[in-house]
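Engineer: here's my sequence, what's the structure:
(one chain, ligands or ions: 1)
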Amino acid sequence: MITNETIVALSTPPGIGAIGVIRLSGKDAISITNAVFSGKDLLAQDSHTIHFGLIKDGDIIVDEVLVSLFVAPKSYTKENVVEISCHGSNYIIQQIITLLIRHGASAAKPGEFTLRAFLNGGLDLSQAEAVADLISSDSAAAHQVAMNQLRGGFSNELAVLREQLIHFASMIELELDFAEEDVEFANRDQLQDLINKITLVLNKLIRSFELGNVIKEGINTVIAGRPNAGKSTLLNALLNEDRAIVSEIAGTTRDTIEEVLNINGINFRLIDTAGIREATDTIEAIGVEKTMQKISQSALLVYLFDIVNTTPEEILEDITRLHKPGFPFIAVANKIDLSLTERLQSLDLPSDVRFISISAKENQHIEELKELLYDTAVGDQLSDSHTMVTNIRHVEALQRTREALNSVANGLNNPVTSDFLAMDIKQALYYLGEITGQVTTDDLLENIFSKFCIGK
Ligand code: GDP
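Structural biologist: Numbering: from 1, shown residues only. Next comes the predicted model:
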(Lines give C-alpha, C1' and ligand atoms only; values in the text may rest on other atoms or scores of the structure.)
Protein backbone atom coordinates (compact mmCIF):
# COMPACT_ATOMS: atom_id res chain seq x y z
CA MET A 1 0.00 0.00 0.00
CA ILE A 2 2.83 2.40 0.80
CA THR A 3 4.71 3.77 -2.17
CA ASN A 4 8.03 5.47 -2.72
CA GLU A 5 6.29 8.55 -3.99
CA THR A 6 6.67 11.88 -2.30
CA ILE A 7 3.23 13.31 -1.69
CA VAL A 8 2.11 16.91 -1.52
CA ALA A 9 -1.10 18.64 -0.43
CA LEU A 10 -2.42 21.81 1.13
CA SER A 11 -2.79 21.15 4.86
CA THR A 12 -4.69 24.28 5.83
CA PRO A 13 -8.31 24.79 4.70
CA PRO A 14 -8.70 25.89 1.10
CA GLY A 15 -9.65 29.53 0.63
CA ILE A 16 -8.06 32.87 1.38
CA GLY A 17 -6.17 33.18 4.66
CA ALA A 18 -3.17 34.93 6.17
CA ILE A 19 -1.04 31.89 5.43
CA GLY A 20 -1.46 28.52 3.76
CA VAL A 21 0.63 25.51 4.69
CA ILE A 22 1.64 23.06 1.97
CA ARG A 23 3.03 19.78 3.20
CA LEU A 24 5.25 17.23 1.49
CA SER A 25 6.15 13.79 2.79
CA GLY A 26 8.48 11.17 1.33
CA LYS A 27 12.06 10.35 0.52
CA ASP A 28 12.44 13.29 -1.89
CA ALA A 29 10.45 15.88 0.04
CA ILE A 30 13.49 18.00 0.83
CA SER A 31 15.21 17.68 -2.56
CA ILE A 32 12.01 18.49 -4.47
CA THR A 33 11.47 21.60 -2.33
CA ASN A 34 15.13 22.52 -2.70
CA ALA A 35 14.77 22.50 -6.49
CA VAL A 36 12.25 25.37 -6.39
CA PHE A 37 13.55 27.20 -3.31
CA SER A 38 16.08 29.98 -3.38
CA GLY A 39 17.68 31.14 -0.17
CA LYS A 40 19.93 28.37 0.99
CA ASP A 41 20.64 24.72 0.30
CA LEU A 42 17.89 22.88 2.22
CA LEU A 43 19.70 19.55 1.84
CA ALA A 44 22.48 20.89 4.05
CA GLN A 45 20.18 21.98 6.89
CA ASP A 46 19.35 20.24 10.17
CA SER A 47 16.03 18.66 11.07
CA HIS A 48 13.51 20.86 12.88
CA THR A 49 14.77 24.13 11.41
CA ILE A 50 12.90 26.90 9.60
CA HIS A 51 14.21 28.81 6.57
CA PHE A 52 13.12 31.97 4.85
CA GLY A 53 13.40 32.20 1.08
CA LEU A 54 11.66 32.42 -2.28
CA ILE A 55 9.75 29.84 -4.26
CA LYS A 56 10.69 30.40 -7.89
CA ASP A 57 9.35 29.00 -11.12
CA GLY A 58 12.37 29.61 -13.31
CA ASP A 59 12.96 33.34 -13.03
CA ILE A 60 9.46 34.09 -11.79
CA ILE A 61 9.09 34.65 -8.06
CA VAL A 62 5.94 32.85 -6.93
CA ASP A 63 6.05 33.79 -3.24
CA GLU A 64 8.16 34.55 -0.19
CA VAL A 65 7.86 31.58 2.14
CA LEU A 66 9.03 29.90 5.32
CA VAL A 67 10.11 26.29 4.96
CA SER A 68 10.12 23.92 7.98
CA LEU A 69 12.19 20.75 7.74
CA PHE A 70 11.57 17.46 9.51
CA VAL A 71 14.13 14.83 8.62
CA ALA A 72 13.06 11.16 8.80
CA PRO A 73 12.30 9.52 11.12
CA LYS A 74 11.58 12.53 13.35
CA SER A 75 8.33 13.59 11.70
CA TYR A 76 4.58 12.90 11.79
CA THR A 77 4.84 10.37 8.95
CA LYS A 78 8.32 9.12 9.97
CA GLU A 79 9.42 10.17 6.47
CA ASN A 80 11.14 13.37 5.36
CA VAL A 81 8.53 16.08 5.78
CA VAL A 82 8.60 19.68 4.55
CA GLU A 83 6.03 22.29 5.44
CA ILE A 84 5.94 25.38 3.27
CA SER A 85 4.16 28.35 4.82
CA CYS A 86 3.16 30.65 2.00
CA HIS A 87 0.71 33.52 1.63
CA GLY A 88 -2.83 32.18 1.80
CA SER A 89 -4.01 32.92 -1.71
CA ASN A 90 -5.60 30.19 -3.79
CA TYR A 91 -3.54 31.27 -6.77
CA ILE A 92 -0.19 31.09 -4.96
CA ILE A 93 -1.06 27.76 -3.34
CA GLN A 94 -2.07 26.22 -6.67
CA GLN A 95 1.08 27.58 -8.35
CA ILE A 96 3.36 26.11 -5.68
CA ILE A 97 1.64 22.71 -5.60
CA THR A 98 1.72 22.49 -9.42
CA LEU A 99 5.38 23.43 -9.37
CA LEU A 100 6.20 20.74 -6.79
CA ILE A 101 4.29 18.15 -8.80
CA ARG A 102 6.24 19.15 -11.89
CA HIS A 103 9.40 18.47 -9.91
CA GLY A 104 8.36 14.95 -8.99
CA ALA A 105 5.84 15.07 -6.12
CA SER A 106 2.40 13.54 -6.52
CA ALA A 107 -0.90 14.78 -5.12
CA ALA A 108 -1.75 13.17 -1.77
CA LYS A 109 -4.95 11.15 -1.37
CA PRO A 110 -7.33 11.84 1.53
CA GLY A 111 -5.70 10.89 4.84
CA GLU A 112 -2.51 9.75 3.14
CA PHE A 113 -0.18 11.57 5.57
CA THR A 114 -1.87 9.90 8.53
CA LEU A 115 -1.96 6.56 6.68
CA ARG A 116 1.80 6.80 6.25
CA ALA A 117 2.18 7.68 9.93
CA PHE A 118 0.25 4.50 10.73
CA LEU A 119 2.04 2.24 8.26
CA ASN A 120 5.41 3.53 9.45
CA GLY A 121 4.50 2.82 13.06
CA GLY A 122 4.08 6.39 14.25
CA LEU A 123 0.47 5.86 15.28
CA ASP A 124 -1.70 2.82 15.81
CA LEU A 125 -5.01 2.56 14.03
CA SER A 126 -7.21 3.83 16.85
CA GLN A 127 -4.87 6.79 17.25
CA ALA A 128 -5.07 7.52 13.54
CA GLU A 129 -8.85 7.51 13.80
CA ALA A 130 -8.57 9.83 16.79
CA VAL A 131 -6.82 12.33 14.52
CA ALA A 132 -9.99 12.44 12.39
CA ASP A 133 -12.14 12.83 15.50
CA LEU A 134 -9.88 15.54 16.85
CA ILE A 135 -10.20 17.58 13.68
CA SER A 136 -13.98 17.31 13.72
CA SER A 137 -14.49 17.74 17.48
CA ASP A 138 -16.79 20.66 18.17
CA SER A 139 -17.06 20.63 21.96
CA ALA A 140 -14.55 20.55 24.80
CA ALA A 141 -15.60 17.04 25.81
CA ALA A 142 -15.38 15.61 22.28
CA HIS A 143 -11.95 17.18 22.05
CA GLN A 144 -10.85 15.63 25.36
CA VAL A 145 -12.00 12.15 24.35
CA ALA A 146 -10.25 12.32 20.95
CA MET A 147 -7.11 13.72 22.55
CA ASN A 148 -7.09 10.95 25.14
CA GLN A 149 -7.41 8.36 22.38
CA LEU A 150 -4.72 10.02 20.31
CA ARG A 151 -2.36 9.89 23.25
CA GLY A 152 -2.87 6.15 23.34
CA GLY A 153 -4.99 5.75 26.49
CA PHE A 154 -7.41 3.45 24.76
CA SER A 155 -4.83 1.41 22.88
CA ASN A 156 -2.67 0.89 25.96
CA GLU A 157 -5.50 -0.75 27.82
CA LEU A 158 -6.16 -3.09 24.89
CA ALA A 159 -2.49 -3.90 24.39
CA VAL A 160 -2.23 -5.19 27.98
CA LEU A 161 -5.27 -7.42 27.48
CA ARG A 162 -3.96 -8.73 24.24
CA GLU A 163 -0.60 -9.64 25.71
CA GLN A 164 -2.19 -11.65 28.50
CA LEU A 165 -4.28 -13.52 25.98
CA ILE A 166 -1.31 -14.19 23.72
CA HIS A 167 0.43 -15.82 26.66
CA PHE A 168 -2.45 -18.28 27.11
CA ALA A 169 -2.75 -18.88 23.39
CA SER A 170 0.89 -19.91 23.26
CA MET A 171 0.51 -22.21 26.29
CA ILE A 172 -2.40 -23.94 24.64
CA GLU A 173 -0.55 -24.19 21.34
CA LEU A 174 2.19 -25.92 23.29
CA GLU A 175 -0.34 -28.45 24.56
CA LEU A 176 -1.25 -29.24 20.98
CA ASP A 177 2.36 -30.19 20.33
CA PHE A 178 2.23 -32.62 23.22
CA ALA A 179 -1.26 -33.92 22.44
CA GLU A 180 -0.21 -37.55 22.91
CA GLU A 181 0.92 -36.96 26.45
CA ASP A 182 -2.26 -35.29 27.74
CA VAL A 183 -0.52 -32.44 29.56
CA GLU A 184 -1.96 -29.06 30.52
CA PHE A 185 0.45 -26.12 30.31
CA ALA A 186 -2.32 -23.59 30.52
CA ASN A 187 -3.87 -23.59 33.96
CA ARG A 188 -7.62 -23.72 33.30
CA ASP A 189 -8.58 -21.84 36.48
CA GLN A 190 -6.14 -19.06 35.67
CA LEU A 191 -7.47 -18.90 32.14
CA GLN A 192 -11.02 -18.63 33.47
CA ASP A 193 -9.90 -15.84 35.84
CA LEU A 194 -8.26 -13.99 33.00
CA ILE A 195 -11.36 -14.31 30.82
CA ASN A 196 -13.52 -12.95 33.63
CA LYS A 197 -11.16 -10.06 34.12
CA ILE A 198 -10.98 -9.25 30.44
CA THR A 199 -14.74 -9.53 30.05
CA LEU A 200 -15.19 -6.97 32.82
CA VAL A 201 -12.90 -4.53 31.02
CA LEU A 202 -14.63 -5.22 27.70
CA ASN A 203 -18.01 -4.58 29.29
CA LYS A 204 -16.76 -1.30 30.69
CA LEU A 205 -15.36 -0.23 27.32
CA ILE A 206 -18.50 -1.28 25.47
CA ARG A 207 -20.66 0.62 27.97
CA SER A 208 -18.45 3.67 27.63
CA PHE A 209 -19.36 3.75 23.96
CA GLU A 210 -22.83 4.88 24.90
CA LEU A 211 -21.42 7.89 26.73
CA GLY A 212 -18.56 8.36 24.25
CA ASN A 213 -21.03 8.47 21.45
CA VAL A 214 -23.34 10.99 23.09
CA ILE A 215 -20.35 13.21 23.75
CA LYS A 216 -19.53 13.13 20.09
CA GLU A 217 -23.12 13.55 18.96
CA GLY A 218 -24.63 15.46 21.90
CA ILE A 219 -27.07 14.22 24.54
CA ASN A 220 -30.66 14.09 23.35
CA THR A 221 -32.62 15.70 26.14
CA VAL A 222 -36.39 15.81 26.01
CA ILE A 223 -38.33 18.36 28.01
CA ALA A 224 -41.82 16.92 28.48
CA GLY A 225 -44.79 18.14 30.47
CA ARG A 226 -48.41 19.13 30.31
CA PRO A 227 -49.41 22.13 28.22
CA ASN A 228 -48.60 25.41 29.99
CA ALA A 229 -46.15 23.76 32.39
CA GLY A 230 -43.64 26.29 31.03
CA LYS A 231 -41.59 24.13 28.65
CA SER A 232 -41.02 26.85 26.07
CA THR A 233 -40.23 29.37 28.79
CA LEU A 234 -37.71 26.97 30.29
CA LEU A 235 -36.11 26.35 26.92
CA ASN A 236 -35.67 30.08 26.51
CA ALA A 237 -34.28 30.47 30.02
CA LEU A 238 -31.77 27.67 29.38
CA LEU A 239 -30.71 29.07 26.06
CA ASN A 240 -30.86 32.64 27.25
CA GLU A 241 -32.66 33.86 24.20
CA ASP A 242 -36.19 33.97 22.83
CA ARG A 243 -36.06 31.19 20.27
CA ALA A 244 -39.18 29.11 20.91
CA ILE A 245 -42.61 30.76 20.71
CA VAL A 246 -44.16 31.15 24.16
CA SER A 247 -47.92 31.39 24.37
CA GLU A 248 -50.75 31.44 26.87
CA ILE A 249 -52.98 29.02 24.99
CA ALA A 250 -52.60 25.42 26.09
CA GLY A 251 -51.22 23.15 23.44
CA THR A 252 -49.68 25.73 21.10
CA THR A 253 -46.21 24.24 20.89
CA ARG A 254 -47.37 21.89 18.17
CA ASP A 255 -44.13 20.63 16.76
CA THR A 256 -40.89 19.75 18.48
CA ILE A 257 -38.12 22.31 18.65
CA GLU A 258 -34.46 21.40 18.92
CA GLU A 259 -31.71 23.62 20.30
CA VAL A 260 -28.21 22.87 21.51
CA LEU A 261 -27.09 23.86 25.00
CA ASN A 262 -23.49 23.44 26.07
CA ILE A 263 -22.99 22.56 29.73
CA ASN A 264 -19.42 22.08 30.97
CA GLY A 265 -18.28 21.22 27.47
CA ILE A 266 -21.04 18.70 26.71
CA ASN A 267 -23.65 19.41 24.05
CA PHE A 268 -27.21 18.79 25.20
CA ARG A 269 -29.72 18.70 22.36
CA LEU A 270 -32.81 20.13 23.98
CA ILE A 271 -36.06 18.98 22.53
CA ASP A 272 -39.17 20.83 23.57
CA THR A 273 -42.33 18.86 22.93
CA ALA A 274 -46.01 19.36 22.36
CA GLY A 275 -46.92 18.08 25.80
CA ILE A 276 -47.93 14.75 27.23
CA ARG A 277 -51.60 15.53 27.85
CA GLU A 278 -54.06 13.26 26.05
CA ALA A 279 -54.73 15.12 22.83
CA THR A 280 -58.22 16.29 22.01
CA ASP A 281 -57.76 17.38 18.44
CA THR A 282 -55.90 15.61 15.70
CA ILE A 283 -53.15 18.15 15.06
CA GLU A 284 -52.25 17.97 18.70
CA ALA A 285 -52.47 14.18 18.62
CA ILE A 286 -49.69 14.13 16.08
CA GLY A 287 -47.64 16.27 18.43
CA VAL A 288 -48.30 13.93 21.35
CA GLU A 289 -47.36 10.87 19.36
CA LYS A 290 -44.20 12.64 18.28
CA THR A 291 -43.49 13.45 21.92
CA MET A 292 -43.62 9.81 22.96
CA GLN A 293 -41.42 8.93 20.00
CA LYS A 294 -38.90 11.64 20.93
CA ILE A 295 -38.90 10.44 24.53
CA SER A 296 -38.10 6.90 23.45
CA GLN A 297 -35.11 8.17 21.45
CA SER A 298 -33.77 10.47 24.13
CA ALA A 299 -30.91 9.87 26.56
CA LEU A 300 -32.24 12.13 29.28
CA LEU A 301 -35.79 13.07 30.16
CA VAL A 302 -36.78 16.25 31.96
CA TYR A 303 -40.34 16.19 33.24
CA LEU A 304 -41.54 19.72 33.89
CA PHE A 305 -44.69 20.43 35.89
CA ASP A 306 -46.54 23.53 36.98
CA ILE A 307 -46.48 23.39 40.79
CA VAL A 308 -49.57 25.59 41.04
CA ASN A 309 -51.91 23.98 38.55
CA THR A 310 -51.00 20.30 38.79
CA THR A 311 -52.16 18.11 41.68
CA PRO A 312 -49.71 15.72 43.38
CA GLU A 313 -51.78 12.83 41.98
CA GLU A 314 -51.40 14.14 38.42
CA ILE A 315 -47.67 14.61 38.91
CA LEU A 316 -47.24 11.06 40.17
CA GLU A 317 -49.38 9.74 37.34
CA ASP A 318 -47.17 11.53 34.78
CA ILE A 319 -43.98 10.29 36.42
CA THR A 320 -45.25 6.72 36.44
CA ARG A 321 -46.02 7.00 32.75
CA LEU A 322 -42.74 8.59 31.74
CA HIS A 323 -40.09 7.22 34.06
CA LYS A 324 -38.50 3.89 33.19
CA PRO A 325 -36.30 2.47 35.95
CA GLY A 326 -32.62 3.10 35.28
CA PHE A 327 -33.34 5.75 32.67
CA PRO A 328 -31.90 9.20 33.45
CA PHE A 329 -34.88 11.26 34.61
CA ILE A 330 -35.28 14.62 36.30
CA ALA A 331 -38.54 15.99 37.71
CA VAL A 332 -38.66 19.78 37.68
CA ALA A 333 -41.28 21.81 39.57
CA ASN A 334 -41.86 25.11 37.77
CA LYS A 335 -43.42 28.43 38.78
CA ILE A 336 -42.16 28.39 42.36
CA ASP A 337 -42.36 32.17 42.20
CA LEU A 338 -46.16 31.71 42.50
CA SER A 339 -46.35 28.79 44.86
CA LEU A 340 -46.30 28.44 48.59
CA THR A 341 -43.66 26.00 49.69
CA GLU A 342 -46.08 23.54 51.38
CA ARG A 343 -47.16 22.49 47.91
CA LEU A 344 -43.62 21.21 47.36
CA GLN A 345 -43.37 19.53 50.73
CA SER A 346 -46.53 17.50 50.14
CA LEU A 347 -44.91 15.92 47.05
CA ASP A 348 -43.84 12.35 47.64
CA LEU A 349 -41.64 11.45 44.65
CA PRO A 350 -40.11 8.01 44.00
CA SER A 351 -36.66 7.79 45.56
CA ASP A 352 -34.81 7.26 42.27
CA VAL A 353 -36.24 10.45 40.73
CA ARG A 354 -33.96 13.48 40.82
CA PHE A 355 -35.87 16.61 41.70
CA ILE A 356 -35.38 20.36 41.54
CA SER A 357 -37.74 23.34 41.75
CA ILE A 358 -37.33 26.41 39.57
CA SER A 359 -38.99 29.44 38.11
CA ALA A 360 -38.41 29.45 34.38
CA LYS A 361 -39.95 32.87 34.00
CA GLU A 362 -38.03 34.51 36.86
CA ASN A 363 -34.80 32.65 36.08
CA GLN A 364 -34.60 31.04 39.49
CA HIS A 365 -32.35 27.97 39.93
CA ILE A 366 -31.68 27.66 36.19
CA GLU A 367 -27.93 27.28 36.77
CA GLU A 368 -28.61 24.58 39.38
CA LEU A 369 -30.81 22.79 36.86
CA LYS A 370 -27.97 22.87 34.32
CA GLU A 371 -25.62 21.30 36.89
CA LEU A 372 -28.22 18.63 37.61
CA LEU A 373 -28.59 17.88 33.88
CA TYR A 374 -24.84 17.41 33.61
CA ASP A 375 -24.65 15.38 36.78
CA THR A 376 -27.44 13.04 35.72
CA ALA A 377 -26.26 12.44 32.17
CA VAL A 378 -22.49 12.48 32.63
CA GLY A 379 -21.61 12.41 36.35
CA ASP A 380 -17.95 11.67 36.96
CA GLN A 381 -17.60 9.33 34.00
CA LEU A 382 -15.49 11.90 32.19
CA SER A 383 -12.62 11.90 34.64
CA ASP A 384 -9.17 11.57 33.09
CA SER A 385 -8.69 7.96 34.12
CA HIS A 386 -11.77 6.82 32.24
CA THR A 387 -11.10 5.28 28.86
CA MET A 388 -13.79 5.95 26.35
CA VAL A 389 -14.77 4.21 23.13
CA THR A 390 -16.29 6.57 20.57
CA ASN A 391 -15.90 4.59 17.40
CA ILE A 392 -18.55 2.17 16.13
CA ARG A 393 -15.87 0.02 14.48
CA HIS A 394 -14.12 -0.37 17.84
CA VAL A 395 -17.23 -1.24 19.75
CA GLU A 396 -18.13 -3.90 17.18
CA ALA A 397 -14.69 -5.44 17.48
CA LEU A 398 -14.98 -5.34 21.27
CA GLN A 399 -18.35 -7.08 21.08
CA ARG A 400 -16.92 -9.78 18.82
CA THR A 401 -13.98 -10.21 21.19
CA ARG A 402 -16.43 -10.67 24.04
CA GLU A 403 -18.36 -13.30 22.06
CA ALA A 404 -15.17 -15.20 21.27
CA LEU A 405 -14.13 -15.11 24.93
CA ASN A 406 -17.57 -16.34 25.86
CA SER A 407 -16.96 -19.35 23.65
CA VAL A 408 -13.63 -19.93 25.41
CA ALA A 409 -15.42 -19.81 28.76
CA ASN A 410 -18.06 -22.26 27.52
CA GLY A 411 -15.29 -24.53 26.30
CA LEU A 412 -13.74 -24.46 29.77
CA ASN A 413 -17.03 -25.31 31.48
CA ASN A 414 -17.89 -28.19 29.18
CA PRO A 415 -14.36 -29.33 28.60
CA VAL A 416 -13.44 -29.27 24.94
CA THR A 417 -10.10 -30.18 23.45
CA SER A 418 -7.24 -27.70 23.42
CA ASP A 419 -7.49 -27.09 19.69
CA PHE A 420 -11.01 -25.67 20.09
CA LEU A 421 -9.88 -23.44 22.93
CA ALA A 422 -6.93 -22.27 20.88
CA MET A 423 -9.23 -21.40 18.00
CA ASP A 424 -11.55 -19.26 20.11
CA ILE A 425 -8.67 -17.45 21.78
CA LYS A 426 -7.21 -16.73 18.37
CA GLN A 427 -10.52 -15.27 17.29
CA ALA A 428 -10.55 -12.97 20.30
CA LEU A 429 -6.96 -11.91 19.57
CA TYR A 430 -7.88 -11.24 15.98
CA TYR A 431 -10.73 -8.90 16.89
CA LEU A 432 -8.66 -7.04 19.46
CA GLY A 433 -5.89 -6.65 16.90
CA GLU A 434 -8.37 -5.15 14.46
CA ILE A 435 -8.81 -2.19 16.77
CA THR A 436 -5.19 -1.33 17.33
CA GLY A 437 -4.17 -2.28 13.80
CA GLN A 438 -2.07 -5.39 14.45
CA VAL A 439 -4.59 -7.06 12.17
CA THR A 440 -5.48 -5.04 9.09
CA THR A 441 -6.76 -5.51 5.61
CA ASP A 442 -6.44 -3.07 2.74
CA ASP A 443 -10.22 -2.68 2.66
CA LEU A 444 -10.32 -1.67 6.29
CA LEU A 445 -7.54 0.89 5.83
CA GLU A 446 -9.10 2.21 2.66
CA ASN A 447 -12.40 2.64 4.48
CA ILE A 448 -10.90 4.45 7.44
CA PHE A 449 -8.54 6.78 5.62
CA SER A 450 -10.91 7.71 2.83
CA LYS A 451 -12.94 9.58 5.46
CA PHE A 452 -10.05 11.95 6.09
CA CYS A 453 -9.67 15.19 4.26
CA ILE A 454 -6.85 15.66 1.79
CA GLY A 455 -3.75 17.11 3.41
CA LYS A 456 -4.25 15.24 6.70
P1 GDP B 1 -45.60 25.24 27.57
O2 GDP B 1 -46.97 25.05 27.01
O3 GDP B 1 -45.25 24.16 28.54
O4 GDP B 1 -44.52 25.46 26.55
O5 GDP B 1 -45.67 26.56 28.48
P6 GDP B 1 -45.17 28.04 28.16
O7 GDP B 1 -43.70 28.13 28.27
O8 GDP B 1 -45.82 28.52 26.90
O9 GDP B 1 -45.75 28.82 29.42
C10 GDP B 1 -47.14 28.88 29.69
C11 GDP B 1 -47.40 30.08 30.54
O12 GDP B 1 -46.79 29.94 31.83
C13 GDP B 1 -46.85 31.39 29.96
O14 GDP B 1 -47.77 32.42 30.21
C15 GDP B 1 -45.59 31.60 30.75
O16 GDP B 1 -45.25 32.97 30.85
C17 GDP B 1 -45.97 31.06 32.11
N18 GDP B 1 -44.81 30.62 32.88
C19 GDP B 1 -43.82 29.80 32.49
N20 GDP B 1 -42.92 29.62 33.48
C21 GDP B 1 -43.33 30.37 34.52
C22 GDP B 1 -42.80 30.60 35.84
O23 GDP B 1 -41.75 30.11 36.26
N24 GDP B 1 -43.55 31.42 36.65
C25 GDP B 1 -44.69 32.01 36.23
N26 GDP B 1 -45.32 32.79 37.07
N27 GDP B 1 -45.19 31.81 35.01
C28 GDP B 1 -44.53 30.99 34.15
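
Engineer: residues of the stretch 1-150 of the chain that sit close to the ligand?
Structural biologist: Within the stretch 1-150 of the chain, no position lies close to the ligand (CB under 6 Å from any ligand atom). Where you see a C-beta, it was placed from the backbone N, CA and C, and this is true even at glycine.

Engineer: outline the domain layout of the protein.
Structural biologist: Per automatic domain parsing, the structural domains of the chain span 7-123, 131-212+391-436, 218-377.

Engineer: could you dump those to CSV with mean neighbour count and distance to residue 446?
Structural biologist: Listed next are those as CSV, based on neighbours: other CB atoms under 10 Å; distance: least, CB to CB, whole Å:
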stretch, mean neighbour count, distance to residue 446
domain 7-123, 18, 9
domain 131-212+391-436, 17, 13
domain 218-377, 17, 29
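
Engineer: show me how far the helix or strand hosting residue 426 is from its chain's centre.
Structural biologist: Residue 426 is part of helix 418-436 when elements are defined by DSSP states H and E. In terms of CA atoms, centre = their mean, to the nearest Å, the centre of helix 418-436 is found 26 Å from the chain centre.

Engineer: can you give me the separation between the closest residue to residue 115 other than its chain neighbours and the ligand?
Structural biologist: Spatial nearest neighbour of residue 115, chain neighbours left out: residue 449 (4.7 Å); criterion: CB to CB, 6 or more residues apart in numbering. Going from residue 449 to the ligand by CB to the nearest ligand atom, to the nearest Å gives 47 Å.

Engineer: now residue 389, what's its secondary structure?
Structural biologist: Look at residue 389: counting by DSSP: H, G, I helix; E, B strand; the rest coil, its state is coil.

Engineer: on that earlier part again, tally of neighbours for the residue nearest to residue 115?
Structural biologist: Look at residue 449: counted by other CB atoms under 10 Å, it has 23 neighbours.

Engineer: I'd assumed residue 114 was in contact with it.
Structural biologist: Yes: the criterion here is CB atoms under 8 Å, and residue 449 meets it with residue 114 at 6.7 Å.

Engineer: list the residues that contact both of the two?
Structural biologist: The contact sets of residue 449 and residue 114 overlap at residue 128 (CB atoms under 8 Å, 6 or more residues apart in numbering).

Engineer: OK, contacts around residue 316?
Structural biologist: Counting by CB under 8 Å, 6+ apart, residue 316 touches 348, 349.

Engineer: roughly how far does it sit from residue 346?
Structural biologist: According to CB to CB, to the nearest Å, residue 316 and residue 346 sit 11 Å apart.

Engineer: interface residues of the stretch 301-450 of the chain facing the ligand?
Structural biologist: Residues of the stretch 301-450 of the chain that fall close to the ligand, judged by CB under 6 Å from any ligand atom: 334, 335, 337, 338, 359, 360, 361, 362.

Engineer: average pLDDT for stretch 100-115?
Structural biologist: Regarding stretch 100-115, the rounded mean pLDDT is 89.

Engineer: how far is stretch 314-330 from where the chain is centred?
Structural biologist: Distance, centroid of stretch 314-330 to centroid of chain: 30 Å (CA atoms, centre = their mean).

Engineer: next: stretch 197-211.
Structural biologist: Centroid separation for stretch 197-211 versus its chain: 15 Å, with CA atoms, centre = their mean.

Engineer: hang on, the earlier thing: now the domains of the chain as a markdown table including distance to residue 455?
Structural biologist: A markdown table is the format used below for the domains of the chain (distance: least, CB to CB, whole Å):
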| stretch | distance to residue 455 |
| --- | --- |
| domain 7-123 | 4 |
| domain 131-212+391-436 | 11 |
| domain 218-377 | 27 |
